[in-house]
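J.: give me coordinates for this.
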Amino acid sequence: MAIVILSKLKMHRRDKYFYVAVAVAVVAIGILGNAYHAFHSATVAQQAVAAGQSIGYSPLAPAVAAMIAVIPPVLVLAFTHGLGILIKATGMHIPTTRSRSTMLPQVWVWVWVWVWVRLLRKASSCAAKQL
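T.: Alright, predicted model coming up:
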């Protein structure tokens, strides 16, 4: 969301790109971390099954598990991008005076964003635990 707000401020382009770089790095780490964890877990589960152990489920192929685990961080990125487009499209701006009547809609947008991020993180951690 900082990127959306920064697009409305008069700042040097270099300063804006810092936040874009941070956002890209965080999403890349999330995607790679989920994919690695799922791939490794599926490999270990397949090795246990090959050794004759019963793990209680039929493990997925490591590549399939990694592709499934990448879905939650990609959805977080897509929802964040969609919300940014929505905020830009509605013309939401940073008010010069901060009265309660002008701050209330912005507060609800941030609450909505926070709830979605928490739900997606919970879904991501639950999906990773199941793999």
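
J.: just the buried positions in whichever helix in the chain runs longest, please.
T.: When the chain is parsed with DSSP state H, its longest helix is helix 13-50. For helix 13-50, the neighbour count (16 or more other C-beta atoms under 10 Å) marks 19, 23, 30-31, 34-35, 37-39, 41-42, 45-46 as buried. For glycine as for every other residue, the C-beta is placed from the backbone atoms N, C-alpha and C.

J.: point out where this protein drops to low pLDDT.
T.: 1-9, 91-108, 125-131 (pLDDT under 70).

J.: rerun that using 80 as the cut-off
T.: In the predicted model, the chain carries pLDDT under 80 at residues 1-17, 19-20, 80-81, 83-117, 119-131.

J.: go ahead and flag the most central residue of it.
T.: Val76 (3.1 Å; C-alpha atoms, centre = their mean).

J.: secondary structure class for it?
T.: helix (DSSP: H, G, I helix; E, B strand; the rest coil).

J.: which non-adjacent residue is nearest it?
T.: Of all residues not flanking Val76 in the chain, Leu120 sits nearest, at 4.9 Å (C-beta to C-beta, 6 or more residues apart in numbering).
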